[in-house]
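Asks: sequence unavailable; structure follows:
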C-alpha cells in the first residue's frame, strides 16, 4: 500500500521507516528542508538505536522517500498519517492542535481520490471529529475517512515496540473501507500475533492518554513510597519487588527515581487533566500525579545539597546523565533541568556528562560544563550524582571515581549501586528510598 507520513519527528520517522520495512511504499513529508536533506544524507534528527540503518536500507530499496512537497506526497496515498507535534499550549496546558489541523487542511486540499486520514499524533478526545469536519467542509466530493491510531513507542526501544507491539489500537466511526485499509496496513504484524484492536474513534484517543497517565501514576506512587521508606527506615527496592511480584500490579514502572520526564508523560498527563476539567469529570489522581512529579525534580536538588552537608555554595557537582532516560538524546522535561536549576540557585558549580544528550542539553543549561566521560566529570568534584541510568554508568570503576574527587560522596538517584559496593570503594552514598 502507499502510505504518506506527515512529519518526520520521533513518531513519524520511526513509523514511516517501520512501515517501509514491512514492504509498504512510504513517503515522509516535512516542511523543514534542512531536516529532509539531513535524513537523506543519513543523519537522523533524533538518536534512536538502529534508526539510521533502518532508514538507510529502506531508502536504498526505494520503499522510503522524503519530500517537502505535501501535495505531491499525498497523491495516490491509501492512507495519510498525521504525525506532527502536539506540545502543551502556553497558558493553559491544553494540547496545541494547530499543527494537526493545519496538516489536515493541507492534506484535504491536496488529495486526488478516496483516502484514509490517520491521526498518529497524541491528541485529546474529539480531535478526530474536527479533522473529519475539516474534510467534509473542504472536500465534500471525496470519500475521506478519518481514523485515530495512537502510538505506544518507548524512546530508546521504538523500533522493537513498533514491530512487536502489545497492541495496535485503531479508532473509527465504523467505516468498512477505513477498517479494511488499516487492517491491510498492519497485516504484517499478524505473524507476531499482535492484537489489532478496533474501537470508536474517541475511545482510541482516550486509550492513549489513559495508558500514559496510568504509567505516570505508577512512577509517582513508588517515588512517594521511596520518601516514606526514607522516613521510616525501609528499603524501597524491596517494597517495589514485594508489590511487583503481585501479577495484578506488575513490576514495570516501579523503580524509584527523580521523577518522570520526556516528550509524553508530562504533556499527556497535563492534557488529560485539562480534558477532564473541560468535561466536568475531573481526574483527581492524575492532577495529584502532575503536581507531585513537578515538585519531586527540584527536591532531588535539595537531596544533593543535603548530601553535601547542607551547603553547596562553591562546591562542584558531577552530574552523570542528563537525558530523561537512557538511549535517547531527548531533554524534554528531563529531571536534570530542575536539578541543575536547584543546584545553581544553591551556588554550586556543575560538570556533567551524558553519552548522547550533551549537544541538546548544552543550550538549555549554559552554566554547566560538559565533560568527555564520567571520570572527567567527577575529577575534583565534591559529589557525583547518577541522574540517568545509562549502561555506561552501570559498571563504573568506583574506586577510580572516588580517588579523583575532592570528597568521595555519591548520590545515586537510580539506585544502581549497592551501599556495600560504594562504601568499599570509599564513597559515602545516598540512595533513593533508603534511610541515610
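Replies: Yes, it's here. These numbers come from a predicted model, not from an experiment.
Asks: quick one: residue 198 is in a strand?
Replies: Yes. The assignment for residue 198, made by DSSP: H, G, I helix; E, B strand; the rest coil, places it in a strand.
Asks: run a quick neighbour tally on the residue nearest to it when sequence neighbours are not counted.
Replies: In this structure, residue 198 finds its nearest non-sequential neighbour in residue 170, 5.3 Å apart by Cβ to Cβ, 6 or more residues apart in numbering. Where you see a C-beta, it was placed from the backbone N, CA and C, and this is true even at glycine. Residue 170 is flanked by 22 other residues according to other Cβ atoms under 10 Å.
Asks: what are the buried residues along the lengthiest helix in the chain?
Replies: Ranked by residue count and defined by DSSP state H, the top helix of the chain is helix 201-232. Within helix 201-232, the residues that count as buried by 16 or more other Cβ atoms under 10 Å are 201-202, 204-209, 211-213, 215-227, 229-230.
Asks: so where's the stretch 51-200 of the chain uncertain?
Replies: For the stretch 51-200 of the chain, the stretches with pLDDT under 70 are 91.
Asks: report back the residue of the protein that's furthest from centre.
Replies: residue 141 (39.2 Å; Cα atoms, centre = their mean).
Asks: quick one: the strands in the stretch 201-350 of the chain, in order.
Replies: 316-320, 349-353 (DSSP state E, counting those that start in this stretch).
Asks: check the stretch 1-150 of the chain too.
Replies: Under DSSP E, counting those that start in this stretch, the stretch 1-150 of the chain gives strands at 2-6, 25-29, 64-67, 79-82, 115-119, 144-148.
Asks: per-residue pLDDT, the residue lying closest to residue 210 once chain neighbours are set aside?
Replies: In space, residue 210 comes closest to residue 272 once its chain neighbours are excluded; the distance is 7.5 Å by Cβ to Cβ, 6+ apart. Residue 272 is assigned 95 on the pLDDT scale.
Asks: same check, this time on residue 436
Replies: At residue 436, the pLDDT recorded in the model is 59.
Asks: TSV for the strands of the stretch 1-150 of the chain, including mean neighbour count and distance to residue 417?
Replies: Output for the strands of the stretch 1-150 of the chain, formatted as TSV (neighbours: other Cβ atoms under 10 Å; distance: least, Cβ to Cβ, whole Å):
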stretch	mean neighbour count	distance to residue 417
strand 2-6	26	42
strand 25-29	25	42
strand 64-67	20	43
strand 79-82	27	43
strand 115-119	27	44
strand 144-148	25	44
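Asks: now tabulate the ones you listed in JSON lines and tack on distance to residue 180.
Replies: Below are the strands of the stretch 1-150 of the chain laid out as JSON lines (distance: least, Cβ to Cβ, whole Å):
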{"stretch": "strand 2-6", "distance to residue 180": "15"}
{"stretch": "strand 25-29", "distance to residue 180": "18"}
{"stretch": "strand 64-67", "distance to residue 180": "24"}
{"stretch": "strand 79-82", "distance to residue 180": "11"}
{"stretch": "strand 115-119", "distance to residue 180": "9"}
{"stretch": "strand 144-148", "distance to residue 180": "10"}
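Asks: my guess is the residue nearest to residue 198 contacts residue 149, does it?
Replies: Yes. With contact defined as Cβ atoms under 8 Å, residue 170 counts as touching residue 149 (5.3 Å).
Asks: next helix or strand past the helix or strand the residue nearest to residue 198 falls within?
Replies: Using DSSP states H and E, residue 170 sits within strand 168-172. With elements assigned by DSSP H and E, the helix or strand that comes after strand 168-172 is helix 176-185.
Asks: give me the angle between that next one and strand 115-119.
Replies: 70 degrees (axes from the mean of the first three to the mean of the last three Cα atoms, to 10 degrees).
Asks: what angle do helix 176-185 and strand 2-6 make?
Replies: Using the same axes, to 10 degrees: helix 176-185 against strand 2-6 is 90 degrees.
Asks: can you give me the buried ones in helix 176-185?
Replies: Buried residues in helix 176-185 (16+ other Cβ under 10 Å): 178, 179, 181, 182, 185.
Asks: make a markdown table out of these and add distance to residue 166.
Replies: Converted to a markdown table, the buried residues of helix 176-185 look like this (distance: Cβ to Cβ, whole Å):
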| residue | distance to residue 166 |
| --- | --- |
| 178 | 23 |
| 179 | 21 |
| 181 | 22 |
| 182 | 17 |
| 185 | 18 |
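Asks: okay, the strands of the stretch 201-350 of the chain, which one's buried deepest?
Replies: Comparing the strands of the stretch 201-350 of the chain by mean neighbour count (mean count of other Cβ atoms under 10 Å), strand 316-320 comes out on top with a mean of 29.
Asks: what's that one packed up against?
Replies: helix 335-345, strand 349-353, helix 374-378, strand 383-386 (3 or more Cβ pairs under 8 Å, 6 or more residues apart in numbering; DSSP states H and E).
Asks: now that strand, how far from the chain's geometric center?
Replies: 24 Å (Cα atoms, centre = their mean, to the nearest Å).
Asks: what are the contacting residues of it?
Replies: 304, 336, 339-340, 343, 348-354, 368, 371, 374, 377-378, 380-388, 390, 393, 405-406 (Cβ atoms under 8 Å, 6 or more residues apart in numbering).
Asks: count residues in the vicinity of the residue lying closest to residue 222 once chain neighbours are set aside, would you?
Replies: Of all residues not flanking residue 222 in the chain, residue 254 sits nearest, at 4.7 Å (Cβ to Cβ, 6+ apart). Using other Cβ under 10 Å, the number of residues around residue 254 comes to 20.
Asks: count of residues packed around residue 243?
Replies: Residue 243, neighbours per other Cβ under 10 Å, totals 16.
Asks: please report phi then psi for the closest residue to it other than its chain neighbours.
Replies: Once flanking residues are discounted, residue 243 sits nearest to residue 249: 5.3 Å by Cβ to Cβ, 6+ apart. Note on residue 249: backbone dihedrals following degrees, to the nearest 10 are phi -100, psi -50.
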